[in-house]
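# curious how this folds, go ahead:
(one chain, ligands or ions: 1)
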Amino acid sequence: MASIGFIGLGNMGQHMARNLIKAGHSLKVFDLSEENVRYVAQSGAKAAASAAEAATDVEFVVTMVPVGADVRRVFVDSGVIAAARPGTILIDSSTIDVDTARAMHEAAAKAGYKFLDAPVSGGVVGAEQATLTFMCGGDKDTFEKARPILAGMGKNIVHCGGAGQGQVVKICNNMMAAVNMLVAAEALVMGEKLGVDRKVLYDVITTSTGRSYSLERSCPIPGPVPTAPSSNGFKPGFMAKLMLKDLRLSQMAAQSAGASTPLGAAATAAYAMHIENGNGDLDSSSIIKLLKPDIG
Ligand code: NAD
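All right, here's what the predicted structure looks like:
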């Protein structure tokens, strides 16, 4: 069993850290919120007073913080890279921009550490049930060493390629999920306006070529899927503001790669307007409100 420093104990990180403890690893944890640290410490982790302390004398460091600037703050400004002992494997599971992920690989390599970008999909439920998918970027040897640790938090652990390529796969996936959600909402609203029952639309399309995971699992129109956020007041789920964050990351990456993503750009604009309208904390399927504000 391994010794692990875990930094970032929010909606996702607290469950991931607890699952590592359940898997038998020894954890030192840190978050800017003392309450979050206390909560995970109750499950058997040692509370650290700083990010650098959490990274001292451990074999692995895992981070799960909001954005690229936070990842840089933890690894560089808070001294995690300097505090960790040589040979420590640094794993960042936050969803961040590809450029920062690559910069972290470089900063770690310069100081003699191995780095893995390992963003996840599966949401809070996946984090809680240890069924996350990990999309990993870094060298194969580091990936194989990290695999048993990631297996304590997820089911599907995939090596996507070199530095930053885990983040690339993650934003490609989320850009598609957003576009699929938006077009599902457009089609369902249009179909209903033309007089077809929403359940009929759902039943036919989920067995036809227009089907998608977004439609099947998170059907944006209330009713056809009783467990979907749309049938439960759009309670998340995956918040619309997080979808916008990932869409913006996809557009930054598209620009730096010179890739054309007209539908990704349209979905980014649509989610930005939706959030401007005060819907950021609702599930991402609430984008249907942009087309029909009084949907019910
Ligand atoms: P969150 O805001 O709930 O938690 C982030 C935690 O990081 C907070 O507790 C915050 O205090 C802590 N933090 C921030 N800066 C820190 C620092 N410098 N040092 C120590 N702690 C720090 O966010 P979350 O929902 O847990 O998401 C974390 C990451 O996972 C994000 O990048 C998000 O995009 C990604 N993600 C989230 C979901 C989801 O459904 N919530 C799904 C997949 C991926």
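
# contacts and neighbour counts: CA atoms only from here.
Noted.

# if I pick the closest residue to the ligand within the stretch 101-250 of the chain, what's in contact with it?
Proximity of the stretch 101-250 of the chain to the ligand (C-alpha to the nearest ligand atom) peaks at Gly123, 3.6 Å away. Listed by C-alpha atoms under 8 Å, 6 or more residues apart in numbering, the contact set of Gly123 reads 12, 132, 237-238.

# tell me the pLDDT of it.
What the model reports for Gly123 is a pLDDT of 89.

# how close does it sit to Ala2?
25 Å (C-alpha to C-alpha, to the nearest Å).

# return the helix or strand in the protein with minimum mean pLDDT.
None of the helices or strands of the chain scores lower by mean pLDDT, DSSP states H and E than helix 80-83, at a mean of 91.

# what's downstream of that one, the next helix or strand?
strand 89-92 (DSSP states H and E).

# neighbouring contacts of that following strand?
59-64, 71, 113-119, 142, 146.

# same check on stretch 160-167?
95-99, 101-102, 105, 116-119, 135-140, 159, 169.

# again with stretch 11-22
Against stretch 11-22 from outside (C-alpha under 8 Å, 6+ apart): 6-9, 26-27, 36, 40, 43-45, 63-65, 123-124, 127-128, 130, 149, 152-153.

# name the residues of the stretch 51-200 of the chain found near the ligand, please.
64-67, 70, 73-74, 94-95, 120-121, 123-124 (C-alpha under 6 Å from any ligand atom).

# okay, Ile275: pLDDT?
98.

# next up, the contacts around it.
240-241.

# for the record, mean pLDDT for whichever helix in the chain runs longest?
If you go by DSSP state H, the chain has its longest helix at helix 165-193. The average pLDDT within helix 165-193 is 98.

# what's the following helix or strand after it?
helix 198-205.

# report the buried residues of that next one.
198-199, 201-202, 205 (16 or more other C-alpha atoms under 10 Å).

# can you tell me which of the residues you listed is nearest Ser218?
Ser218 has its nearest neighbour among the buried residues of helix 198-205 in Tyr202, at 11.3 Å by C-alpha to C-alpha.

# who's in contact with the nearest residue to Ala151 once chain neighbours are set aside?
In space, and not counting its chain neighbours, Ala151 is closest to Ile157: 7.1 Å by C-alpha to C-alpha, 6 or more residues apart in numbering. By C-alpha under 8 Å, 6+ apart, the contact list for Ile157 reads 133-136, 147, 150-151.
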